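S.K.: this is the structure alone, sequence omitted:
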């Protein structure tokens, strides 16, 4: 892994790159609001996808580089994200680019989705504040004109897979594939009651659902399953 400092309008950000030897695509991921690029899902993908031909670039927002836990504004996140997008495009101009992230990073990627990007990988999508399902918002996913994969914990307090599917249908995105990680919360990490077998299955679902999504988009086919499907991805 290599880490490069990026100058943004809001201070220095960092791009951590785990490069594949035989590259077929690039996946740029952003972290959650209070998290960092070493979160369980981002770290797992960065370590495992390069062996499958996907270079993973994780972007650390300037507020985290500066040691702060809370970001100043959504426009600030978007400004820094645009710098990361430009850098990834400069480094790998001929490779298909996928973008996404965890929680707030997922929403930032939705807002920044546009020309030259192949699809969105949204992890722990923050549909609503915990305990406030009446404040559900999926319009940013609906506005992203491209293929979308959402990987959501089965007990995510920011929106269960069922809530996410309902919200997506309300904004006309019945084509989005939602993969459920059984028993996982918003951070997706193991809890006191999580067994080793359950974590192994959680890892398998995460890795292969993302890898299969990228492969299907590159092959020109839609993700194989409506948003109501509880998908089980397989290699290849």
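M.R.: Sure thing, it's come through. Predicted model, so just to flag it, every value in this text is computed and none were measured.
S.K.: mean confidence score for the helix or strand hosting residue 141?
M.R.: Using DSSP states H and E, residue 141 maps to helix 139-143. If you average the pLDDT over helix 139-143, you get 94.
S.K.: cool, and stretch 79-97?
M.R.: Mean predicted confidence for stretch 79-97 is 97.
S.K.: what's the mean pLDDT across the longest helix along the chain?
M.R.: Across the chain, the longest stretch assigned as helix under DSSP state H is helix 196-218. Throughout helix 196-218, pLDDT has a mean value of 96.
S.K.: how far does that helix sit from the chain's center?
M.R.: 13 Å (Cα atoms, centre = their mean, to the nearest Å).
S.K.: stretch 104-118 too?
M.R.: 9 Å.
S.K.: flag every buried residue along that stretch.
M.R.: 104-113, 117-118 (16 or more other Cβ atoms under 10 Å). C-beta here means a position set from N, CA and C on the backbone, and glycine is covered the same way.
S.K.: need the mean per-residue confidence for that stretch.
M.R.: The average pLDDT within stretch 104-118 is 96.
S.K.: can you give me the end-to-end span of that stretch?
M.R.: 20 Å (Cα to Cα, to the nearest Å).
S.K.: strands of the chain, residue ranges please.
M.R.: Secondary structure of the chain (DSSP state E): strands located at 2-8, 11-18, 25-30, 54-60, 97-102, 117-123, 148-153, 177-181.
S.K.: now distance to residue 206 too, for those strands, in JSON lines please.
M.R.: Shown next, in JSON lines, are the strands of the chain (distance: least, Cβ to Cβ, whole Å):
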{"stretch": "strand 2-8", "distance to residue 206": "23"}
{"stretch": "strand 11-18", "distance to residue 206": "15"}
{"stretch": "strand 25-30", "distance to residue 206": "12"}
{"stretch": "strand 54-60", "distance to residue 206": "13"}
{"stretch": "strand 97-102", "distance to residue 206": "11"}
{"stretch": "strand 117-123", "distance to residue 206": "8"}
{"stretch": "strand 148-153", "distance to residue 206": "6"}
{"stretch": "strand 177-181", "distance to residue 206": "7"}
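S.K.: thank you kindly, that will do.
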